[in-house]
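>>> build me a model:
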Amino acid sequence: IGAGLSLNQLSKFQGPSHLKHLSCRRLGNLCCRLGKVVKIGLHGILTGAAATVGVPMTYGAIDSARYVNERGGIDGVKIDMKWEDTRAAVPRSITAHRRFKEAGVMAEIYFLVGASDVMSPTQQEDEISALQTSGHFTLAGGPTKPIPWVFNQGPGMPVECASVLQFIQWEWVEKRPCRVGAIVYDETVARDFLEGFKYADKFGVEYIGHEIVPLLGTLDTSTEWLRSAGKEPDWMLVWASGATLTTLVRDAARLEIQKKGIKLACSYGFDIPELRISGKACEGWYIWRTTFAPTCWQVERFPGLKAMLEGGARWHGYDVNMFPSNYCTWNLASIVYEGIRLAIQKVGYENLTGRVVRDGMASIKDFSGWDSGSMAPVTMSDDKPYYGSAQQIHQVQQGKIVPVSGDIEWVELPDPILKQTWARYF
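The predicted structure follows:
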């Protein structure tokens, strides 16, 4: 590919010193020398503070393109996955978008919600649709109207929070209201998650308040844990990832928070790296995840995960029985391919445009992965511009993240709260 480097060689690069000479324009990023090609722009995260989370996400999207290309592409059309290392920095994503536009991409993939928030009006103006890994702004219509140009993981952070509260209500057996608090890091999506607590009464839950810790450089969270525990909660919900989550998990274990009778739950940032770093401190934690991103222990339900397991082992040396859950951006990219397939089916390859691809993504129906089914069926439309069909609750048991609930449908919330959420930014 491009400068003569294989993706296998690329996957072995360990840090900035190995990446400084790489760019999407020089490498060609899975560029196909001959035949029909469709270009996709990937806002990757390979270095910087968020690299622990971002590297497997970037690999997952790139590897899915290679997997599809090895099998003939999208009905004979090969995928040219152009990537940029944004370092999880919004200004770098702005530059990346401009490069992608010049290169003629038909769609983009974002991992940093702040970047897609800022770029949403530009995506609409440039008629380049995008998928992002968060569930921001969706039901309120978001910042692009009259049709969505950014497709999201779920129907909005307040809805995600409310859906977790619904699960807690189902599990609660005492007559008194269940007391629930939260600790989140200081970031847009995490703060929007807290908006769902406005509906705590609807689920018979008493909200005791929340604590906010720094997004980066969080060395100790003892004060936040002890202050929360002093309010005698029954559940504590955590929204964090990376090093901040590690600090929270290890501090909770050291302070014996679970032994006080407090159940702990976290967002989907809780992943295999956390299990490896924090070990037994992770035991008992609950994790809520959308059904588009199963764990590697759900192969029986989603046999298509075998391709991810084999790809991760082949290209990155992952354990053939285990991949980081963030590697499920493989599925995210596959959703884009399905939108492109539908667009080609409708107008033909020669007439492919960003708007037609957007329309293709807005018409996806019951898509469950590129082969064999690697996720719950995805259906999207202009009225439902998100691909996560439901949530599922998992728990860490004996070092594995295993499901402990069925699929939990999204809770319906009044539209005004979601409009208030995104109106703060646009």
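>>> buried residues of stretch 69-82, list them for me.
69, 73-74, 77-82 (16 or more other CB atoms under 10 Å). In this view, the C-beta of every residue, glycine as well, is placed from N, C-alpha and C.
>>> I'd like these as TSV, with secondary structure appended.
As requested, the buried residues of stretch 69-82 are arranged in TSV below (DSSP: H, G, I helix; E, B strand; the rest coil):
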residue	secondary structure
69	helix
73	coil
74	strand
77	strand
78	strand
79	strand
80	strand
81	strand
82	strand
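>>> any weak-confidence spans in the chain?
Within the chain, the stretches with pLDDT under 70 are 1-34, 135-143, 415-426.
>>> partner strands of the host helix or strand of residue 401, with direction?
Using DSSP states H and E, residue 401 sits within strand 400-403. Paired strands of strand 400-403, with direction, are strand 391-397 (antiparallel) (DSSP bridges).
>>> could I get the buried residue list for stretch 278-290?
Going by 16+ other CB under 10 Å, stretch 278-290 has these buried residues: 278, 281-282, 285-290.
>>> nearest to residue 146, of these?
Among the buried residues of stretch 278-290, residue 290 lies closest to residue 146 (CB to CB), at 26.1 Å.
>>> beta partners for the closest one?
Bridge pairing for residue 290 - DSSP bridges - gives residue 391.
>>> nearest residue to the residue nearest the centre of the chain in space, please, no chain neighbours.
Nearest to the mean C-alpha position of the chain, counting by CA atoms, centre = their mean, stands residue 133 at 3.3 Å. Nearest residue to residue 133, sequence neighbours excluded (CB to CB, 6 or more residues apart in numbering): residue 111, at 5.2 Å.
>>> likewise residue 195?
Nearest to residue 195 is residue 158, by CB to CB, 6+ apart, at 4.1 Å.
>>> can you pull out the helices in the stretch 1-150 of the chain?
In the stretch 1-150 of the chain, the segments counted as helices under DSSP state H, counting those that start in this stretch are 7-11, 16-19, 24-27, 51-70, 90-103, 113-126.
>>> how about the stretch 151-300 of the chain?
157-171, 188-193, 222-229, 242-254, 272-278.
>>> who's sitting farthest from the centroid in this structure?
The C-alpha centroid of the chain is most remote from residue 175, which lies 36.2 Å away (CA atoms, centre = their mean).
>>> circling back: as a markdown table, the buried residues of stretch 278-290 with distance to residue 187 would be great.
Formatted as a markdown table, the buried residues of stretch 278-290 follow (distance: CB to CB, whole Å):
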| residue | distance to residue 187 |
| --- | --- |
| 278 | 21 |
| 281 | 23 |
| 282 | 22 |
| 285 | 20 |
| 286 | 21 |
| 287 | 18 |
| 288 | 17 |
| 289 | 19 |
| 290 | 18 |
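>>> out of those, which comes closest to residue 350?
Nearest to residue 350 among those, counting by CB to CB, is residue 290 at 35.8 Å.
>>> what's in contact with stretch 327-335?
Stretch 327-335 is contacted by residues 40, 42, 56-61, 63-65, 67-68, 81, 109, 111, 131, 133, 151, 292-294, 307-308, 311-312, 318, 361, 364, 367, 369-370, 374-375, 378, 380, 387 when judged by CB atoms under 8 Å, 6 or more residues apart in numbering.
>>> what of stretch 274-287?
Contacts for stretch 274-287 (CB under 8 Å, 6+ apart): 245-246, 249-250, 252-254, 258, 263-268, 270, 393-399, 401, 404.
>>> cutoff 7 Å now
Stretch 274-287 has contacts (CB atoms under 7 Å, 6 or more residues apart in numbering) with 245-246, 249-250, 253, 258, 263-266, 268, 270, 393-396, 399, 401.
>>> where's the residue lying closest to residue 313 once chain neighbours are set aside, which helix or strand?
Leaving aside its sequence neighbours, residue 313 sits nearest to residue 320 (CB to CB, 6+ apart; 4.1 Å). Under the criterion of DSSP H and E, residue 320 resides outside all helices and strands.
>>> returning to what we had before: so the residue farthest from the centre of the chain versus residue 226, what's the distance?
28 Å (CB to CB, to the nearest Å).
>>> repeat for residue 249
Applying CB to CB to residue 249 and residue 226 gives a distance of 16 Å.
>>> how about residue 191?
22 Å.
>>> which one's more surrounded, the two?
Neighbours were counted for residue 191 and for residue 226 using other CB atoms under 10 Å; residue 191 has more, 17 against 12.
>>> contacting residues for the spatially closest residue to the more buried one that is not a sequence neighbour?
For residue 191, ignoring the flanking residues on the chain, the nearest one in space by CB to CB, 6+ apart is residue 184 at 6.8 Å. By CB under 7 Å, 6+ apart, the contact list for residue 184 reads 190-191, 193-194, 210, 212, 239-240.
>>> what about the closest residue to residue 406 other than its chain neighbours, how many residues nearby?
Excluding the flanking residues, the one nearest residue 406 by CB to CB, 6+ apart is residue 392, at 7.2 Å. Counted with other CB under 10 Å, the neighbours of residue 392 add up to 21.
>>> so residue 392 makes contact with residue 294?
No - with contact defined as CB atoms under 7 Å, residue 392 does not reach residue 294; the gap is 8.3 Å.
>>> list phi and psi for the closest residue to residue 51 other than its chain neighbours.
Nearest residue to residue 51, sequence neighbours excluded (CB to CB, 6+ apart): residue 45, at 6.2 Å. Main-chain torsions, residue 45, degrees, to the nearest 10: phi -130, psi 100.
>>> residue 45 contacts residue 60, doesn't it?
No - using CB under 7 Å, residue 45 is not in contact with residue 60; the gap is 11.7 Å.
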